[in-house]
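> return a 3D structure for these sequence lines:
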Amino acid sequence: MPLYFEDFAEGQEIVSPARTVTEADIVSFAAWTGDYNPVHTDAEFAGASRFGDRIAHGLLGVSLCLGLISRTGAFEGSAVALLGIDDWRFRAPVKIGDTVRCGVRIVGTRLTSKRDAGVVARQFSLLNQRDELTQDGRMDVLVAVRPGTGA
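Presented below is the predicted three-dimensional model:
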């Protein structure tokens with residue numbers, strides 16, 4: 001069941017289920033984007049790099065955040081539009097075999113002038129199986145008000 005604008009409050013937290021990042025995820029993402037940087041796709045090259053192994057693309061982590069949060073159902077059917085990605089930071093690499101989960105903290109809400117939707121300001125955190133922060137940043141979203149409540 002989706003949450004609507006009225007259901008969100010500053011300080012509220014949503015945590016996704018976890019998911020293990022696979023080699024297939026990285027290979028597929030490289031194919032979709034055309035980003036075949038060897039740190040992602042060449043085991044020998046990546047093994048000799050500062051990371052010691054292949055790492056996921058940074059934007060794969062961003063995409064995982066959105067996918068993992070969608071599994072909670074919180075925004076499914078109520079989200080109108082992603083408004084932007086702000087102040088995103090890549091803190092630590094995500095490697096093949098890492099199990100990640102995403103947390104979202106609501107940092108603010110504001111009803112739009114049309115009053116049929118509101119902006120929900122969200123701070124995302126992508127954590128690995130060791131509770132290490134790998135990525136974080138803002139992804140605000142426009143969320144519909146509950147149907148039938150009137151504008």
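> what comes into contact with the one helix or strand Ile14 maps to?
Counting by DSSP states H and E, the element that carries Ile14 is strand 13-15. Identification of contacts with strand 13-15 by Cβ atoms under 8 Å, 6 or more residues apart in numbering yields Ile69, Thr72, Ala74, Arg101, Cys102, Gly103, Val104, Arg105, Ile106. Glycine gets a C-beta too; all of them are placed from N, C-alpha and C.
> taking those residues one by one, which sit in helices?
Taking DSSP state H, the ones among the contacts of strand 13-15 that sit in helices are Ile69.
> what lies in contact with the following helix or strand past the strand holding Ile14?
For strand 13-15, the succeeding helix or strand toward the C-terminus, using DSSP H and E, is strand 19-20. Strand 19-20 is contacted from outside by Leu64, Gly67, Leu68, Gly97, Asp98, Thr99, Val100, Arg101, using Cβ under 8 Å, 6+ apart.
> 6 Å instead, please
With contact meaning Cβ atoms under 6 Å, 6 or more residues apart in numbering, strand 19-20 is reached by Thr99.
> tell me the mean pLDDT over it?
Across strand 19-20, pLDDT averages out at 98.
> quick one: strands adjacent to that strand?
The sheet places strand 19-20 alongside strand 99-111 (antiparallel), with pairing taken from DSSP bridges.
> which parts of the strand it pairs with are buried?
Neighbour counts over strand 99-111 (16 or more other Cβ atoms under 10 Å) mark Val100, Arg101, Cys102, Gly103, Val104, Arg105, Ile106, Thr109 as buried.
> strands of this protein, start to end?
13-15, 19-20, 79-90, 99-111, 117-127, 133-144 (DSSP state E).
> quick one: strands adjacent to the first one?
Here the strand partners of strand 13-15, with direction, are listed using DSSP bridges: strand 99-111 (antiparallel).
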